[in-house]
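Peer 1: 3D, please:
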Amino acid sequence: MSDIDLDDIRRLDGGLLLVFRELLRHGRTTEAAQRLGLSQPAISHALSRLRSVFNDPLFIRRPHGLEPTLRAREIAPKIDSMIDLISQAIAREPSFEPSRSSRRFHIAAPEFVTALMGSRLVKAFAKSAPHASFTIRSLSQDAASDALKRGEIDVALGRFGPVPAGLTSAVLFVDRYCVAARRGNPHLKDRLTYKDWLALDHVFATARPEVYQDPEERERLREDIDIVATVPNWLAALVIAAATDAVATCPLRLARSQAKVLGLQVIVAPFLIHKITVSMVSRNDKSDEAVAWLSDQIRKATE
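Peer 2: Reported below is the predicted structural model:
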């Protein structure tokens, strides 16, 4: 953009645009002055400035009033568009009303969190926001943070470390590990010791959004236990454990939520001491009432 263009833009303020539109609509300086709450000399001065900016008379005085020139008729639609854009930029967005919203929310969450809250979130939407919907995809911590900063997702759930500047994190819930196996698994005893656990066949979940733990620790664990199957997520591990004699070591809340459906027994073993801290991460901007509403529904769905 040239210096001349910049100078012209500086001279063309919103007030001049409104004067132009009123003169085009009504063709008289007196009526434009009345509608804009200005004096007639102020309208004449604005018209003089418009002529200077556009290097055109714009309006020719006739017996019946002001007649727009060809240049004025050409730029009229653009002037209207500029006024509309300015109005949209200034106007405050209406408050979020869940019952009337048709917004599609975008969430990042590992599958075990989705399995925990998914049905409750669907019911909450059906009750309070029947025209809205949500999509959930699984992303790593870094990918979820980047997607949040780009505005591609509204919130991210999962096992996060420190989050980048511009994002805020709050603990959603804290869980622990357990052992899940099919009811009647012949290899399980009444009391499961660490030695007994090591001797079992294991289904191992590997997806980073699911497990998120020290890679060196995971490698040592792989060397100690007999892994008969490796799958992407804990939900798949539970399905396999429910139909075989292998066991899945997974989050306690997930195992309990699926125990009745899959026919699982859930063992809370004292040697599984690691905690599973699931957080909700969002942008620092608190002005989006819809995201605040969504965050509240997610908290309730994971209680």
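
Peer 1: Report pLDDT for Arg25.
Peer 2: Looking at Arg25, its pLDDT stands at 86.

Peer 1: Now do it: how many residues are near it, please.
Peer 2: 12 (other CB atoms under 10 Å). Heads up, the C-betas are built off the backbone N, CA and C, glycines and all.

Peer 1: What are the contacting residues of the helix or strand where it lies?
Peer 2: Arg25 belongs to helix 14-26 when assigned by DSSP states H and E. For helix 14-26, the surrounding residues in contact (CB atoms under 8 Å, 6 or more residues apart in numbering) are 29, 31-32, 35-36, 38, 43, 46-47, 49-50, 53, 58-59, 65-66, 68, 72, 76, 79-80, 82-83, 86.

Peer 1: What about the residues you listed, which are in helices?
Peer 2: Judged by DSSP state H, helices contain the following of the contacts of helix 14-26: 29, 31-32, 35-36, 43, 46-47, 49-50, 53, 72, 76, 79-80, 82-83, 86.

Peer 1: Can you go through those and name the buried ones?
Peer 2: Thr29, Ala32, Leu36, Ile43, Ala46, Leu47, Leu50, Val53, Ala72, Ile79, Met82 (16 or more other CB atoms under 10 Å).

Peer 1: Pretty sure the first one sits against Ser48.
Peer 2: No. The pair formed by Thr29 and Ser48 falls short of the contact definition of CB atoms under 8 Å, at 11.5 Å.

Peer 1: The stretch 201-303 of the chain: strands as residue ranges?
Peer 2: 201-205, 226-231, 247-251, 264-267, 275-283 (DSSP state E, counting those that start in this stretch).

Peer 1: so which of these gets nearest Lys195?
Peer 2: Comparing those by their distance to Lys195 (CB to CB), the top pick is strand 226-231, with 13.1 Å.

Peer 1: how about the CA coordinates for the closest one, as CSV?
Peer 2: Listed next in CSV are the C-alpha coordinates belonging to strand 226-231 (Å, rounded to 0.1, in the frame of the first residue of the first chain):
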residue,chain,number,x,y,z
ASP,A,226,4.2,-60.4,29.6
ILE,A,227,2.4,-58.3,27.0
VAL,A,228,0.2,-60.4,24.8
ALA,A,229,-1.4,-57.5,22.9
THR,A,230,-0.6,-53.8,22.4
VAL,A,231,-3.6,-51.5,21.5
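
Peer 1: That strand: partners in the sheet, and parallel or antiparallel?
Peer 2: In the sheet, strand 226-231 lines up against strand 201-205 (parallel) (DSSP bridges).

Peer 1: residue ranges with poor pLDDT in the stretch 51-200 of the chain?
Peer 2: Applying pLDDT under 70 to the stretch 51-200 of the chain picks out residues 91-94.
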